[in-house]
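*Asks:* Here you go, sequence then predicted model.
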Amino acid sequence: MLSPALMILVAAYNLHHTNAAWLKQRDNDNIFFPGSIMGDANKFGTDDIPEECRDKTYCTIKPPSYPEEHFNKMFKGVKTLAQPTLVLESMLTNRQGDPDERDDCESEVKYEPLYNVRSKRDGEWRVVVQGPGEDYVQRVRLETCTNPDGPCFNVFPPTSDIKVFCKQKYNKWKVLVAKGDNETEKIEVDLPVCCSCQYKSAPIETRFGIPQAMTPAVKP
């Protein structure tokens, strides 16, 4: 029979190794599937991207071929998983802005799961890992302009010197996606974060009322 001191030592040893394993899993965002669950993971669930997502870097519409049950099995028993993380850029700015401020740029805000993403608009679509059956859902706040390039600050009288317009702003996020036959990885994706009122100076010929087609003066 083990002495009390030896039992305490054994328990401490096991606790140390359990914590070390948990920390290793927590710090390593990539997850390995127990076996091959798809033929080509980079394309599985990306052949049927809806038309409304074609010009975006993300899609919140679940395709018919999305392997949700496979992801649920993968996450069975897993307690701690990382959510999408915001990538801090060199210039730390609050692009979302103050919700109490008004600039007449209408927008739509959604909190929906991501099913497909890509690093750029003409890039390859990737499958976002979602396991709702095991309480793992990747979602972020998405805010898109209702009328991009439309006028804003309409409470002020227009001037010929400056043109104001609504512009879509983006932030970079890291999202967990499927990789290969039995792995995952995190990739960076630009996602819409706010609709901001921007301005630019009008061309000098417009400011001073000079017709653009006017023939320049000829030097004597």
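*Replies:* Sure, I can see it. Numbering: from 1, shown residues only.

*Asks:* Now do the buried residues in stretch 112-125.
*Replies:* Neighbour-count burial for stretch 112-125 flags Leu114, Tyr115, Asn116, Val117, Arg118, Trp125 (criterion: 16 or more other C-beta atoms under 10 Å). From N, CA and C alone the C-beta is placed, and that goes for glycine too.

*Asks:* Then stretch 77-93?
*Replies:* Quick answer for stretch 77-93 (16+ other C-beta under 10 Å): Leu81, Pro84.

*Asks:* could you dump it to CSV, C-alpha only?
*Replies:* Only the C-alpha atoms of stretch 77-93 are listed here, as CSV (Å, rounded to 0.1, in the frame of the first residue of the first chain):
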residue,chain,number,x,y,z
GLY,A,77,-15.5,15.6,-25.7
VAL,A,78,-13.3,18.7,-26.5
LYS,A,79,-13.9,21.3,-23.8
THR,A,80,-11.9,24.4,-24.9
LEU,A,81,-11.6,25.7,-28.4
ALA,A,82,-10.5,29.1,-29.7
GLN,A,83,-13.0,31.5,-31.3
PRO,A,84,-12.0,33.7,-34.3
THR,A,85,-9.5,36.3,-33.2
LEU,A,86,-9.0,39.8,-34.4
VAL,A,87,-5.6,40.5,-35.9
LEU,A,88,-4.0,43.6,-34.4
GLU,A,89,-2.5,45.8,-37.1
SER,A,90,0.4,48.3,-36.9
MET,A,91,-2.1,51.2,-36.6
LEU,A,92,-4.4,50.3,-33.7
THR,A,93,-7.7,52.1,-34.7
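
*Asks:* where's Tyr111, which helix or strand?
*Replies:* strand 107-113 (DSSP states H and E).

*Asks:* Can you pull out the residues in contact with that strand?
*Replies:* 60, 62, 128, 130, 132, 137-146, 194-195 (C-beta atoms under 8 Å, 6 or more residues apart in numbering).

*Asks:* Restricted to helices, list these.
*Replies:* Taking DSSP state H, every one of the contacts of strand 107-113 sits outside helices.

*Asks:* Separate out the buried members of those residues.
*Replies:* Buried among the contacts of strand 107-113 by 16+ other C-beta under 10 Å: Thr60, Val128, Gln130, Gln138, Val140, Leu142, Glu143, Thr144, Cys145, Cys194, Cys195.

*Asks:* residues contacting the first one?
*Replies:* Neighbouring residues of Thr60 by C-beta under 8 Å, 6+ apart: Lys110, Glu112, Pro113, Leu114, Tyr115, Leu142.

*Asks:* How about the fourth one?
*Replies:* By C-beta under 8 Å, 6+ apart, the residues touching Gln138 are Gln83, Pro84, Pro113, Leu114, Val128, Val129, Gln130, Val175, Leu176.

*Asks:* and with 6 Å instead?
*Replies:* Applying C-beta atoms under 6 Å, 6 or more residues apart in numbering, we find Gln138 in contact with Pro84, Leu114, Val128.

*Asks:* Format these as a markdown table; extra columns: pLDDT.
*Replies:* A markdown table is the format used below for the contacts of Gln138 (pLDDT from 0 to 100):
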| residue | pLDDT |
| --- | --- |
| Pro84 | 89 |
| Leu114 | 97 |
| Val128 | 96 |
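
*Asks:* That's all I had, so thanks and see you.
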